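A.B. asks: Generate a structure from the sequence data that follows.
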Amino acid sequence: MAKAAKTVKAESSAERRPALAGQEVSASGVRVAVLPPANRVSLRVPEEAVASLSRALGLTLPQKPKTSVAKAARMAFWLGPDEWFVLDTAGGDILADCAKAKGLHSAVDVSHRNVAFAVSGPAAAATLSAGCPQDLSLQAFATGACSRTVFGKAEILLYRVSEQEFRVECWRSFSDYVFGLLSEGARDAAA
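C.D. replies: Below is the predicted model:
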C-alpha cells in the first residue's frame, strides 16, 4: 500500500532579516545601529555601456574614485574603473532596471550577502578610526565619499552620509566581528 505524499506549500518569498537585527550600541557622542534590509547589486560595466546603465538605473554612475551619486532611495558607489555598488533602501528592483539597459554589463544581486550599520554622532569618525586606516577628515573624506577599505580584518564599503554619519556595508559572515569592533570603537571614542 503506497503512502500519499504530503504537499507542502512553499512560500514565494522569505522574510529578509539582517544579521544582528535590532541591535545597537550608544555611547557618549556616537550611536552604532544595524540598518534595515536593502536591495544591493554588484555591477560591472564597460565604459561604452555606462550611459545606457545610468539611464536604466535613473542616476548617473559616478566616474571618479571615492565618489557616489544618490537619487531618492537609490545610491551608486564607484568601486573601480568598471565597478559599482548600487543600493536601493526603498526596495526598488535594481536588477529589473539593469535589464532595461542596452549595453553589455554584469549585475549580481548581493542583497542577502551584506549587512549595513549606521555610525552616527560627533564621535562617529573616531569610532571608525579604531579599525579603519582610511583618513576620515572632512578634507580627505567629504560628505558623499565612499571607499572599499578594511575595518579590522574585514573588507567594508564605507560611505559618508553626512559630516557626522557613516554607512558601513560588510559581508554577513563578518557582521558579528564588525559590530563587535564598532562597539569597542564607540566605547573608546566616548572615553
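A.B. asks: Let me see the contact set for Pro133.
C.D. replies: Thr149, Val150 (Cβ atoms under 8 Å, 6 or more residues apart in numbering). C-betas here are computed from N, CA, C, even on glycine.
A.B. asks: Can you tell me the SS state at it?
C.D. replies: coil (DSSP: H, G, I helix; E, B strand; the rest coil).
A.B. asks: so how far is Ser147 from it?
C.D. replies: Distance, Pro133 to Ser147, using Cβ to Cβ, to the nearest Å: 10 Å.
A.B. asks: before we move on, what about Leu53?
C.D. replies: 22 Å.
A.B. asks: The two: which has the busier surroundings?
C.D. replies: Leu53 (26 against 21; other Cβ atoms under 10 Å).
A.B. asks: So that one: helix, strand or coil?
C.D. replies: Leu53 - assigned by three-state DSSP - is helix.
A.B. asks: Which pLDDT value belongs to it?
C.D. replies: Looking at Leu53, its pLDDT stands at 95.
A.B. asks: Next up, the contacts around it.
C.D. replies: Leu53 touches Leu43, Val45, Leu61, Cys98, Ala101, Gly103, His105, counting by Cβ under 8 Å, 6+ apart.
A.B. asks: and the gap between it and Arg44?
C.D. replies: Relative to Arg44, and taking Cβ to Cβ, Leu53 is found at 10 Å.
A.B. asks: Same check on Arg55?
C.D. replies: 17 Å.
A.B. asks: and what of Val30?
C.D. replies: Distance, Val30 to Arg44, using Cβ to Cβ: 35 Å.
A.B. asks: Likewise for Arg167?
C.D. replies: Counting by Cβ to Cβ, the gap from Arg167 to Arg44 is 22 Å.
A.B. asks: between the two, which one's more packed in?
C.D. replies: Shown here are Arg167 and Arg44; by other Cβ under 10 Å, Arg167 has more neighbours (22 against 15).
A.B. asks: right, and the more buried one touches Tyr159 too?
C.D. replies: Yes. At 4.3 Å, Arg167 counts as touching Tyr159 under the criterion of Cβ atoms under 8 Å.
A.B. asks: Overlap of the contact sets of Leu53 and Arg44?
C.D. replies: His105.
A.B. asks: in which helix or strand would I find Gly91?
C.D. replies: Using DSSP states H and E, Gly91 is not contained in any helix or strand.
A.B. asks: Near the residue lying closest to it once chain neighbours are set aside, how many residues? Count them for me, please.
C.D. replies: Nearest residue to Gly91 in three dimensions, chain neighbours excluded: Asn39, at 6.0 Å (Cβ to Cβ, 6 or more residues apart in numbering). Residues near Asn39, counting by other Cβ under 10 Å, number 20.
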